[in-house]
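> Let me see the structure of the following:
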Amino acid sequence: MAEHIQVAKENRIAVVTIDHPPLNVLSRKVIGELHDTFLELRDDSDTVVVILTGAGNRAFAAGADIKEFPQLIGQDGVRDFVLDNHQVLNDIDSFPKPTIAVLNGVVFGGGCELALTCDLRIAEEHAQIALPEITLGLFPGWGGTQRLPRLIGEARAKEMMFTGEPVTAAVAERIGLVNKVAASGEGLQEAKRLAAKIARHSLQALSRIKQAVDYGLDHTVAEGIDREAELFDEVFQTEDVREGVQAFIEKRKPIFRNR
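Sure, this is the predicted structure:
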């Protein structure tokens with residue numbers, strides 16, 4: 001049983017909460033437990049959407065555990081350490097179900113990079129988002145240099161990383177870093193409302209939307225369209241598409257079974 005990760009499931013939605021007080025720092029143990037949790041949810045047929053948040057109202061996650069860094073300075077094998085963390089974040093990024101991050105406080109460093117792996121982000125109005133690694137003589141090493149520019153553009157991403165200064169929830173929404181701003185204390189409920197709208201649909205289709213978009217971002221439009229056609233072919237072999245089309249013809253709501 002995980003020590004720092006809590007999971008609550010209801011109505012095809014799983015809420016994953018990082019509970020590592022006081023600021024939900026992402027230690028090696030937390031990262032490992034987070035990885036195990038997402039592996040379990042990947043194969044959970046009752047879960048269609050996953051919401052990721054932090055316990056309390058002070059932090060989503062305040063970044064990596066800096067106390068673990070001194071043992072890495074001047075040592076060989078730092079690349080392997082970084083790649084191990086990359087694997088965890090990559091697995092969340094490619095998780096075959098929609099994911100929503102609720103940013104309920106400080107979202108710094110590795111916490112920001114973790115949030116970037118989610119499909120959607122809702123920030124509470126008191127949230128502060130930053131990649132402050134530069135203030136330690138470092139730079140983002142958990143995918144921030146790659147995912148952030150793809151999301152908000154090269155210049156804005158470089159400004160955040162060059163200065164290390166946080167942006168507010170309002171600014172984050174304006175530049176496309178988050179999808180929506182919620183009142184403090186209401187981020188999770190807002191995420192649940194959004195998740196409910198998504199979870200009523202077929203996971204067979206949802207997962208292929210995610211695959212098609214993610215593939216297209218790293219390939220040419222022509223290659224993306226070809227992959228889209230392959231996935232469209234696949235979805236037409238599912239039980240859910242039969243149900244969806246038949247429900248439309250019969251003028252009723254479809255009952256998707258994610259098969």
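> switch to C-alpha atoms for all contacts and neighbour counts from now on
Will do.
> Do a quick rundown of the helices in the stretch 151-259 of the chain.
154-163, 169-174, 187-199, 203-217, 221-235, 239-249 (DSSP state H, counting those that start in this stretch).
> same question but for the stretch 1-150 of the chain, I mixed them up
28-42, 78-93, 110-116, 144-152.
> Include distance to residue 190 and mean pLDDT when you put those into a markdown table, please.
Listed next are these as a markdown table, based on distance: least, C-alpha to C-alpha, whole Å; pLDDT from 0 to 100:
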| stretch | distance to residue 190 | mean pLDDT |
| --- | --- | --- |
| helix 28-42 | 21 | 95 |
| helix 78-93 | 21 | 86 |
| helix 110-116 | 16 | 97 |
| helix 144-152 | 22 | 97 |
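> looking at those helices, which is closest to residue 197?
The closest of these to residue 197 is helix 28-42. By C-alpha to C-alpha, the value is 19.3 Å.
> and residue 117, what does it touch?
Taking C-alpha atoms under 8 Å, 6 or more residues apart in numbering, we find residue 117 in contact with 89-90, 92-93, 147.
> which parts of the lowest-mean-pLDDT helix or strand in the chain are buried?
When each helix and strand of the chain is scored by mean pLDDT, DSSP states H and E, helix 78-93 comes last, with a mean of 86. Buried positions in helix 78-93, judged by neighbour count with 16 or more other C-alpha atoms under 10 Å: 84-85, 88-90, 92-93.
> Please parse the chain into its domains.
Following automatic domain parsing, the chain resolves into domains at 5-199, 203-249.
> Under the pLDDT cut-off, which ranges of the protein? List them.
Across the chain, the ranges flagged by pLDDT under 70 are 65, 69-72, 74.
> Test my guess that residue 24 contacts residue 64.
No. Using C-alpha atoms under 8 Å, residue 24 is not in contact with residue 64; the gap is 9.3 Å.
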